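Chemist: here is a sequence together with a model predicted from it:
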Amino acid sequence: ETGVTQTPRHLVMGMTNKKSLKCEQHLGHNAMYWYKQSAKKPLELMFVYNFKEQTENNSVPSRFSPECPNSSHLFLHLHTLQPEDSALYLCASSPGSTGSYNEQFFGPGTRLTVL
Amino acid sequence: GQNIDQPTEMTATEGAIVQINCTYQTSGFNGLFWYQQHAGEAPTFLSYNVLDGLEEKGRFSSFLSRSKGYSYLLLKELQMKDSASYLCAVSGDYKLSFGAGTTVTVRA
């Protein structure tokens, strides 16, 4: 595997379900990110991890819970979601977090539908 | 915080040139990125500018004026495969802030 991978690619869940999104990067990067992308809206930054430490939580509801067990893996745990949470969830990684080191490499995304 | 503006949509003819403008207001600036995103796919890196001036990379060029808070992406010799969304992103304090993207449609 190369680059940034995400699983699953598609997910349909009910509002009472619990599910997790997984992201893995094979680039030796130190920073990882979760973004939400809704139609016609800017990419919304959700969480940032630098060297496994969470450095940003962009006012994300508690029904989204991130986990970063090591610098290569990032999870997003989902529970009791709402239909408006349906979106494309993108994971990204970067060598660092400032200047040109902030060049982010994106995974293919998970298309989430909440019924 | 960051405020990033770019046009929503642009249409151009195959072989033509299109310029996508981006203006930003930022509390911290460590460079500006342009990304390309095809429908249903992940964004991919196109360019990075941190100093004023023009950076040319094949058919694509990117310009930055830090004093004006302004950048543009220039796409030359447009091809059908260039139909995509183009995202302007400002590198601030340990994160990127993205514009909403400009959807470019290339017509034959």
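Modeler: Structure received.

Chemist: near residue A:59, how many other residues are there?
Modeler: 6 (other C-beta atoms under 10 Å in any protein chain shown). Quick note: C-beta positions are derived from backbone N, CA and C, even for glycine.

Chemist: er, residue B:14 I mean
Modeler: 13.

Chemist: and it, what's its pLDDT?
Modeler: Per-residue confidence at residue B:14 stands at 97 (pLDDT).

Chemist: what of the one 4 residues further on?
Modeler: If you check residue B:18, the pLDDT there is 98.

Chemist: stretch A:62-69 near chain B anywhere?
Modeler: No: using C-beta under 8 Å from any C-beta of the partner chain, stretch A:62-69 stays clear of chain B, coming no nearer than 14.5 Å.

Chemist: how much space between the residue positioned nearest the centre of chain A and residue B:3?
Modeler: In chain A, the centroid-proximal residue (C-alpha atoms, centre = their mean) is residue A:34; its distance is 2.7 Å. Residue A:34 sits 22 Å away from residue B:3, going by C-beta to C-beta, to the nearest Å.

Chemist: residues contacting the nearest residue to residue B:104 once chain neighbours are set aside?
Modeler: Of all residues not flanking residue B:104 in the chain, residue B:10 sits nearest, at 5.1 Å (C-beta to C-beta, 6 or more residues apart in numbering or on different chains). Neighbouring residues of residue B:10 by C-beta atoms under 8 Å, 6 or more residues apart in numbering or on different chains: B:18, B:20, B:102, B:103, B:104, B:105.
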